[in-house]
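Enquirer: Make a model of this:
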Amino acid sequence: MPNPSDSNDKVDINANVAGKPIAPMQQWLLLTWIVWLGYRLLGLPIFISLFNQTHPDIIGGIAWQGLWLIPAFILTPWMLRGRSPYALLVGSMLTLVYLGASGVVLFTRVYGSSWLEIVVYIVDFALLLFINIWLFMLLKRLPSMNNVVKKPRSR
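Expert: Next up is the predicted model:
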């Protein structure tokens, strides 16, 4: 088994310190992240406009979600690669904030919203929960960040 410190920040996607492959976790994270971004940006405003009795503006909802997702768009390249433990740790903290906000919105919508509207928010919450699960599992499989020994540079 190769030493993780020999690769100079390159992570072998087929094996890690624990011997478990990380490629499936990266693929699930990639898929869930893209589905959540698309759902949050387009699906949520469209479904809420359809299911809410006041029929809010779809374009305004998409613009609002686009503003809300700016930090997620900035983090997207690192989430898609899924190799840097530092970036994934920051991504995990950010998605926990999104998960908390989604849970609060879901909790407040339970009182006074239609069942279909509640399902729209449950899907958003579930996608964020799965993203956090994949991030946690991937971070457990990536090499440790605190005991990496770098080779000296050759001159």
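Enquirer: burial count for F107?
Expert: The number of residues packed near F107 is 11, by other CB atoms under 10 Å. Every C-beta, even on glycine, is put in place using the N, C-alpha and C of the backbone.
Enquirer: For it, give me the pLDDT.
Expert: We have a pLDDT of 94 for F107.
Enquirer: continuing past the helix or strand where it lies, what's the next helix or strand?
Expert: Following DSSP states H and E, one finds F107 within helix 85-110. Later in the chain than helix 85-110, the nearest helix or strand by DSSP H and E is helix 115-141.
Enquirer: residues of that next one that come out buried?
Expert: Neighbour counts over helix 115-141 (16 or more other CB atoms under 10 Å) mark 117, 120-121, 123-125, 127-128, 130-132, 134-135, 138-139, 141 as buried.
Enquirer: With stretch 88-105 instead?
Expert: Neighbour-count burial for stretch 88-105 flags 88, 91-92, 94-95, 98-99, 102 (criterion: 16+ other CB under 10 Å).
Enquirer: so where's this structure uncertain?
Expert: 1-19, 145-150, 155 (pLDDT under 70).
Enquirer: Straight-line length of stretch 35-52, end to end?
Expert: Using CA to CA, to the nearest Å, the end-to-end distance of stretch 35-52 comes to 23 Å.
Enquirer: closest to F73 among the buried residues of helix 115-141?
Expert: Set against F73, the nearest of the buried residues of helix 115-141 by CB to CB is I131 (14.5 Å).
Enquirer: show me what contacts L127?
Expert: Taking CB atoms under 8 Å, 6 or more residues apart in numbering, we find L127 in contact with 32, 35-36, 39-40.
Enquirer: how much space between it and G66?
Expert: Noted for L127: a distance of 17 Å to G66, by CB to CB, to the nearest Å.
Enquirer: swap in I34?
Expert: 16 Å.
Enquirer: For PyMOL, what selects the buried ones among the contacts of L127?
Expert: Selection of buried members from the contacts of L127 for PyMOL, criterion 16+ other CB under 10 Å:
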select buried, resi 32+36+39+40
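Enquirer: In helices only, show me the contacts of L127.
Expert: Cross-referencing these against helices under DSSP state H gives 32, 35-36.
Enquirer: nearest to R153, of those residues?
Expert: Nearest member of the ones in helices among the contacts of L127 to R153, counting by CB to CB, is T32, at 38.4 Å.
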